[in-house]
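Colleague: Fold the following, please.
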Amino acid sequence: MTQKKTYPILYSLRNCPYAMRARIAIYKAKQPVLLRDLVLSNKPDEMIAASAKATVPVLVLPNKEVIDESLDVMLWALNETDPDDLLQSKSDDGLTDMLNLIHVFDHEFKVALEAYKCAKRYKENNVAECREECEKYIQMLEQRLAVSEHLSEGFLFGAKESLADIALLPFIRQFARVERQWYLQSPYPKVKQWLNKYLQSPMFTKVMAKHPLWLETKEEILLGLPTQVK
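Modeller: Numbers count the residues shown, from 1 in each chain. Next comes the predicted model:
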């Protein structure tokens, strides 16, 4: 009798930027995982038991190892398989440089972004000031992308897509949605082109597909594939 294959399990929230970038890396790595969508108001006991943090993403490997930081999930997936060389394996300092940029956005830009979102949501009088703080980091990306403007496809680390691109993508998407009309007229053509390329891609459509909540159906969705595992 053939033994049923055991897949890693990913607990995820569709619109959480951290869960989003974990799903993108898993999809890019072509690593099959069972996706369990949830809502924060109703977390599966299995997820809470696996990770005391109880925040998405949580990846549970077949050997019961738990990975519950989004960047660590991304690195796990791409260290398993990296068909597009997003880790830029041939560059001596490539991964270090990418991780340094991601660290800046995770620990500095994210703080500024949350302040910007709150100022807009609660109609505070410092929206423009909060936006300008975010713009310091958007300008950094614009300059990076401008370096590769002569290339047919410009990314944050030259002509090739990298870990940094997909790690920052969900947060730049959030920034673009805070004041949509301002963003559309903003002086960041390279960032807008870069973001649109992702948002209009088949990959993003797949990664952002809406699935039934796992607690309601117990259907196991194999991420990136149409197959449902009963």
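
Colleague: Next, the residue nearest to residue 178 when sequence neighbours are not counted: secondary structure please.
Modeller: Nearest non-adjacent residue to residue 178, counting by CB to CB, 6 or more residues apart in numbering: residue 120, 5.2 Å away. Backbone N, C-alpha and C define where each C-beta goes, glycine included. Here residue 120 is helix, with the state taken from DSSP: H, G, I helix; E, B strand; the rest coil.

Colleague: now do residue 170
Modeller: Under three-state DSSP, residue 170 comes out as helix.

Colleague: Next, the contact list for the residue nearest to residue 178, please.
Modeller: 127, 130, 178-179 (CB atoms under 8 Å, 6 or more residues apart in numbering).

Colleague: now the helices: where do they sit in this protein?
Modeller: Secondary structure of the chain (DSSP state H): helices at 17-29, 45-50, 70-80, 94-104, 110-121, 127-147, 163-178, 180-184, 189-199, 202-207, 214-217.

Colleague: winner for burial among these?
Modeller: Compared across the helices of the chain, helix 17-29 shows the largest average neighbour count, a mean of 24 (mean count of other CB atoms under 10 Å).

Colleague: now that one: mean pLDDT?
Modeller: The average pLDDT within helix 17-29 is 98.

Colleague: Just tell me which of the helices of the chain ends up closest to residue 155.
Modeller: Among the helices of the chain, helix 163-178 comes nearest to residue 155, with 5.2 Å by CB to CB.

Colleague: which one of the contacts of residue 120 is nearest residue 36?
Modeller: Among those, residue 178 lies closest to residue 36 (CB to CB), at 29.4 Å.

Colleague: per-domain residue ranges of this protein.
Modeller: Taking automatic domain parsing as the reference, the chain has its domains at 9-83+204-229, 94-199.

Colleague: farthest-separated two in the contacts of residue 120?
Modeller: The largest separation in those, counting by CB to CB, is between 130 and 179 at 10.3 Å.

Colleague: Would you agree residue 157 is in contact with residue 94?
Modeller: Yes. Assessed by CB atoms under 8 Å, residue 157 is found in contact with residue 94 at 6.8 Å.

Colleague: Tabulate the contacts of residue 120 in a markdown table, adding columns for pLDDT and distance to residue 103.
Modeller: Listed next are those as a markdown table, based on pLDDT from 0 to 100; distance: CB to CB, whole Å:
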| residue | pLDDT | distance to residue 103 |
| --- | --- | --- |
| 127 | 98 | 27 |
| 130 | 98 | 21 |
| 178 | 98 | 23 |
| 179 | 98 | 26 |
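
Colleague: Alright, that wraps it up for me.
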